[in-house]
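Chemist: here is my input; please provide its structure:
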Amino acid sequence: MAFNSSRCLVLSAIPYMPFLMLSDDPQTAKITGGTMLEVFKLLSEYMGFCYRYEISRDYAGGLKLPNGSWTGVVGKILTGEADMSAIGLGITEPRAKAVDYSEFLYQDEWTATYARPSLESDIAGFVKPYTLPMWLMILATVALSVGAIFFTRAANDRLQQRWGNGVTEEVSTTSGTSGVGEACMWTLATLLSQSMPWKVDGLPVKMITCFWLLVSFILGNVYRSNLMAMLILPKVALPFTNLDELVKSGLPVWVPVYSVLHLSAMNSPRNTSLGRLYNQFVKPDDFVDIAKALRGVHAKQFVITGPRTAMEQITDQYFSKLGYCSLYVMPESMMTLINLSLLFRKGSPLKAKFDPVIMRLKETGILQHLYKKAVANATECLKPITISPGSSSLRPLDLKDFFGVFMIFGGGSFIGLLAFLIEFLVGHKR
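Modeler: This is a model prediction of the structure:
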């Protein structure tokens, strides 16, 4: 499929990781890599055309100015300085009116990236072995056991008193609130594996207490084993998982100026999530390059936002350099999927020539294969955060793991001491 034109096509290029990557300085920028280099190599070999790249110095996809002119790649195409874009760009309504676009190459979405959260101790970990419904069932079972022991014991004592027929065995006369308290103390002591001497009379009472001993043994062993397993496994507090949580976190947000997210947030009502997020944006003039923005996010100065494909490429680069995951990518999207397509001038014959070939590249999986190969190392970092980077799945216990238990113990000791002092003062007064 040869082109009739003898001149080479001019491709307007801007950085869009991992599709096209440039050196840092916009004035002396050079193309350093990207999957679109391989894509255009395949296209040129199959379709028979030559091409060269022309870097757009403003690094913009294209923004329509008040005077009707366009910036970035769209501006280059409309003025004739470029024949088409070198990468797939998001299709917005103004761009669709200004230029033609090809079959989409990829689909992308906006997300946020922050410094990867570290492992921390869980002070409330001692209540985690059971879920809330399970704790409520245990509480109900304890209450049921106390009631069963008390009423069965009271009924047994009454029967022995009535039908004892001269039996000299000592019969418990515990009744009322003291009987309930005794049954409650014995039930809780058994559940907590504490020794409490108590004489049990009558077969019905012995059957119920034996059943409660078995239940307490099972609950205690399951609790201890689950607690130990949960303590030695790491706990990671994610900074945010969606747009609403990012807004609630109040973290400063770095966003590429005049990007889709920047314009959408700027034009959104202030009572919406995007509108509130606009108030958290860092001034674009403070950070003019992505390298400086990445230094800021590693220092936890702010969150950076961008297309998910770019965030995965950045994660891949840092994993390749450091050997562990240093960034956290928000699992949910901030904005819906956008199609990334090549841009042409209105009525350009290039669209009809490129569309069938792009469709074949998608259907055969070549485009997806090139993308996955470019972000292969990001796969490990995109998994749910459950282990410490570079370490095993277990960790040694530290003092913070026992703070919750210490607080319960200290609170119980304080209440016991307070009860003792009250009893002492009341007794001394009497």
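
Chemist: how distant is the top helix by length along the chain from the center of its chain?
Modeler: Identified as the longest helix of the chain according to DSSP state H is helix 132-163. For helix 132-163, the gap between its own C-alpha mean and the chain's C-alpha mean amounts to 46 Å (CA atoms, centre = their mean, to the nearest Å).

Chemist: other SSEs contacting it?
Modeler: Judged by 3 or more CB pairs under 8 Å, 6 or more residues apart in numbering; DSSP states H and E, the packing partners of helix 132-163 are helix 176-191, helix 203-232. Yep, even glycine has a C-beta here, placed from its N, CA and C like the rest.

Chemist: how about the shortest one: buried residues?
Modeler: Read that as helix 176-191. 179-180, 182-184, 186-187, 190-191 (16 or more other CB atoms under 10 Å).

Chemist: what helices or strands is it leaning on?
Modeler: Applying 3+ CB pairs under 8 Å, 6+ apart, one finds that helix 176-191 makes contact with helix 132-163, helix 203-232.

Chemist: how about 6 Å then?
Modeler: Helix 176-191 is packed against helix 132-163, with contacts defined by 3 or more CB pairs under 6 Å, 6 or more residues apart in numbering; DSSP states H and E.

Chemist: I'd like the average pLDDT over the helix it packs on.
Modeler: In this model, helix 132-163 carries a mean pLDDT of 80.

Chemist: how about stretch 360-374?
Modeler: Stretch 360-374 carries an average pLDDT of 92.

Chemist: same deal with stretch 65-83?
Modeler: If you average the pLDDT over stretch 65-83, you get 91.

Chemist: may I see the buried residues of that stretch?
Modeler: Using 16+ other CB under 10 Å as the test for burial, stretch 65-83 gives 70-78, 82-83.

Chemist: so where does the closest residue in space to residue 297 that isn't next to it in sequence fall, helix or strand?
Modeler: Nearest residue to residue 297 in three dimensions, chain neighbours excluded: residue 304, at 4.9 Å (CB to CB, 6 or more residues apart in numbering). Following DSSP states H and E, one finds residue 304 within strand 303-307.

Chemist: quick one: mean pLDDT over that strand.
Modeler: 88.

Chemist: name the helices or strands packed onto the helix or strand following it?
Modeler: Downstream of strand 303-307, the first helix or strand assigned by DSSP H and E is helix 308-322. Using 3+ CB pairs under 6 Å, 6+ apart, the elements in contact with helix 308-322 are strand 110-115, helix 378-381.

Chemist: next structured bit after the last one?
Modeler: Looking back up the chat, that one is helix 378-381. Scanning forward in sequence from helix 378-381 by DSSP H and E, the next helix or strand is helix 403-429.

Chemist: now that next one and helix 203-232, what's the angle there?
Modeler: Calculated by axes from the mean of the first three to the mean of the last three CA atoms, to 10 degrees, helix 403-429 forms an angle of 130 degrees with helix 203-232.
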